[in-house]
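Visitor: let's see this in three dimensions:
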Amino acid sequence: MTKSIGSSLITAAFCIAFSWSALPLYGGTIIKLGLGGDPLPDIEFSGGIFSTVNDGIVPTTGEQNTNVEFQDFLSGLPDIGMPPGSFTLNGLVAAVPVAVFPAPPMPPQLVIQNFTGGTFEIYNAANILLLSAQLFNSSLTGPVGQPATGALFTTSFAKVTGGTLQSLIKQGTLTLSMSLTNVLTDGGGPGFSIGGTAPFLRPFKADTTLNIAADPVPEPACLALFVVGAAFVASSIVKRRNR
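Guide: Numbering: from 1, shown residues only. Below you'll find the model as predicted:
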């Protein structure tokens with residue numbers, strides 16, 4: 001019996017150690033979204049809120065139609081192309097003031113805009129929710145003016161809140177990043193623009209591509225072995241105390 005307990009614990013420990021040692025290999029991109037399938041902008045910053053622009057295509061649930069490419073531990077899933085899936089990003093609230101570099105009185109050349117909150121949802125072509133998440137902290141960065149590009153990325157892990165992919169993704173590991181192109185300030189020229197004495201980031205629209213990264217949940221077989229091993233340990237301790 002002792003030998004059996006020892007073997008089970010060793011096997012469980014091996015699986016757990018293997019899973020932990022493999023974690024740095026993950027955290028890679030698991031979903032890529034193209035968006036940009038129409039001539040209209042994909043995202044906007046307006047009224048202090050960063051969000052997707054509604055493309056007005058009624059048959060799809062999300063605000064932006066998109067192809068969906070699965071990678072890493074989701075690579076066994078079929079990619080979504082035509083008909084497309086859809087994506088919605090909402091509720092990222094801008095912090096004021098925006099950070100500019102170099103500091104005044106020098107002319108700003110780079111902006112960093114921090115955001116709090118926000119949510120996103122990804123749907124397949126049948127309008128079934130694949131993945132939804134609650135965002136907490138994000139940052140947008142890019143040059144003032146040309147070349148009218150930028151990037152947004154989460155600076156804390158998002159909370160997965162739903163979708164058919166939820167059970168495959170380890171909670172507390174999901175991140176989101178966006179690449180912005182064709183940034184156009186409302187009423188102004190290309191690229192980000194700063195206004196006011198606070199200062200603040202002026203409203204803009206842009207095209208974007210999007211990556212989502214995460215770790216997988218631990219292998220069920222290893223979890224089962226861990227549970228069995230823990231049960232054996234508890235049983236052994238109880239028996240020793242009763243002797």
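
Visitor: tell me the helix or strand right after the lowest-mean-pLDDT helix or strand in the chain.
Guide: When each helix and strand of the chain is scored by mean pLDDT, DSSP states H and E, helix 2-22 comes last, with a mean of 40. Later in the chain than helix 2-22, the nearest helix or strand by DSSP states H and E is strand 29-33.

Visitor: report the secondary structure state of the residue nearest to the spatial centre of the chain.
Guide: Nearest residue to the geometric centre of the chain (CA atoms, centre = their mean): residue 176, 2.7 Å. Three-state assignment for residue 176 (DSSP: H, G, I helix; E, B strand; the rest coil): strand.

Visitor: can you verify my assumption that it contacts residue 214?
Guide: No. With contacts counted by CB atoms under 8 Å, residue 176 stays clear of residue 214, the gap being 9.7 Å. Backbone N, C-alpha and C define where each C-beta goes, glycine included.

Visitor: returning to what we had before: who's the residue nearest to the centre of the chain bridged to?
Guide: residue 212 (DSSP bridges).

Visitor: domains in the chain, as residue ranges please.
Guide: 1-26+219-243, 27-215 (automatic domain parsing).

Visitor: return the most buried member of those.
Guide: Compared across the domains of the chain, domain 27-215 shows the largest average neighbour count, a mean of 17 (mean count of other CB atoms under 10 Å).

Visitor: from the chain's centroid, how far away is it?
Guide: Taking CA atoms, centre = their mean, to the nearest Å, one finds domain 27-215 lying 9 Å from the centre of the chain it belongs to.

Visitor: what is the rounded mean pLDDT of that domain?
Guide: The pLDDT scores in domain 27-215 average 95.

Visitor: how about the helices in the chain?
Guide: 2-22, 220-242 (DSSP state H).

Visitor: measure residue 44 to residue 99 for me?
Guide: 21 Å (CB to CB, to the nearest Å).

Visitor: er, residue 190 I mean
Guide: For residue 190, the distance to residue 99 - CB to CB - is 21 Å.

Visitor: try residue 121
Guide: Using CB to CB, residue 121 is found at 29 Å from residue 99.

Visitor: what do you get for residue 145?
Guide: From residue 145 over to residue 99 (counting by CB to CB), the distance is 17 Å.

Visitor: kindly report the same for residue 119.
Guide: From residue 119 to residue 99 the distance is 24 Å (CB to CB).

Visitor: ditto for residue 37
Guide: Taken as CB to CB, the span from residue 37 to residue 99 is 33 Å.

Visitor: and if you look at residue 173?
Guide: Distance from residue 173 to residue 99, by CB to CB: 27 Å.

Visitor: now do stretch 158-176: distance from first to last residue.
Guide: 8 Å (CA to CA, to the nearest Å).

Visitor: what's next to it, contact-wise?
Guide: 26-27, 30, 73-74, 119-122, 128-136, 138, 152-154, 157, 210-218 (CB atoms under 8 Å, 6 or more residues apart in numbering).

Visitor: again with stretch 95-110
Guide: 48, 111-116, 141-144, 194, 198-201.

Visitor: just these now: which is nearest residue 61?
Guide: Nearest to residue 61 out of those is residue 115 (CB to CB; 23.8 Å).

Visitor: contacting residues for that closest one?
Guide: Residues in contact with residue 115 (CB under 8 Å, 6+ apart) are 50, 92-95, 137-140, 152.
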